[in-house]
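A.B. asks: Just need the structure, nothing else, for what follows:
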Amino acid sequence: MARTFICSVAYELGPETTDEAARLLRAELVARGFRDRQGERPLPRNAVWMPRVATEDDTTDSLHDACTRDLRLAAAAVRAGGRTMKLLRAWIQVSGGGTYGLAAGELDSPAA
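C.D. replies: Alright, predicted model coming up:
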């Protein structure tokens, strides 16, 4: 039976990140299924969320890791377009069974 969890991501960008790169990162995350609004109300500039369906084999840790991977890949896509940006840290919370904490590892690396 599939279960749905709410995954929230708040991230911090370095001062070298251009405004254009910050907007493109948010757009990349939205394109990957994250939402930057709750209803009509926009979330803070550095926060997104998504409902994520867990399969039988998924744990809250694997959903947390999937959010980290999505964030890394979105940042890599922005940098691949020639934009200057640096992800400093991210806070990810998976609600419903719950895991929370800082994203592990180097966020600037597209590796999983």
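A.B. asks: The lengthiest helix in the chain: how far from the chain's middle?
C.D. replies: If you go by DSSP state H, the chain has its longest helix at helix 60-80. Distance of helix 60-80 from the chain centroid (CA atoms, centre = their mean, to the nearest Å) equals 6 Å.
A.B. asks: Next secondary structure after that helix?
C.D. replies: Downstream of helix 60-80, the first helix or strand assigned by DSSP states H and E is strand 87-95.
A.B. asks: just to revisit the earlier point, give the rounded mean pLDDT of the longest helix of the chain.
C.D. replies: The average of the pLDDT scores along helix 60-80 is 96.
A.B. asks: Just the C-alphas of it, formatted as PDB.
C.D. replies: The C-alpha trace of helix 60-80 is given here as PDB (Å, rounded to 0.1, in the frame of the first residue of the first chain):
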ATOM      1  CA  THR A  60      11.400   8.200   5.500                       C
ATOM      2  CA  ASP A  61      15.200   8.100   5.200                       C
ATOM      3  CA  SER A  62      15.000   7.200   1.500                       C
ATOM      4  CA  LEU A  63      12.500  10.000   0.900                       C
ATOM      5  CA  HIS A  64      14.800  12.400   2.700                       C
ATOM      6  CA  ASP A  65      17.700  11.200   0.500                       C
ATOM      7  CA  ALA A  66      15.500  11.700  -2.600                       C
ATOM      8  CA  CYS A  67      14.800  15.300  -1.600                       C
ATOM      9  CA  THR A  68      18.600  15.800  -1.200                       C
ATOM     10  CA  ARG A  69      19.300  14.300  -4.600                       C
ATOM     11  CA  ASP A  70      16.600  16.500  -6.200                       C
ATOM     12  CA  LEU A  71      18.200  19.600  -4.600                       C
ATOM     13  CA  ARG A  72      21.700  18.700  -5.800                       C
ATOM     14  CA  LEU A  73      20.500  17.900  -9.300                       C
ATOM     15  CA  ALA A  74      18.500  21.200  -9.600                       C
ATOM     16  CA  ALA A  75      21.500  23.200  -8.400                       C
ATOM     17  CA  ALA A  76      23.800  21.300 -10.900                       C
ATOM     18  CA  ALA A  77      21.300  22.200 -13.700                       C
ATOM     19  CA  VAL A  78      21.400  25.900 -12.800                       C
ATOM     20  CA  ARG A  79      25.200  25.900 -12.700                       C
ATOM     21  CA  ALA A  80      25.400  23.900 -16.000                       C
END
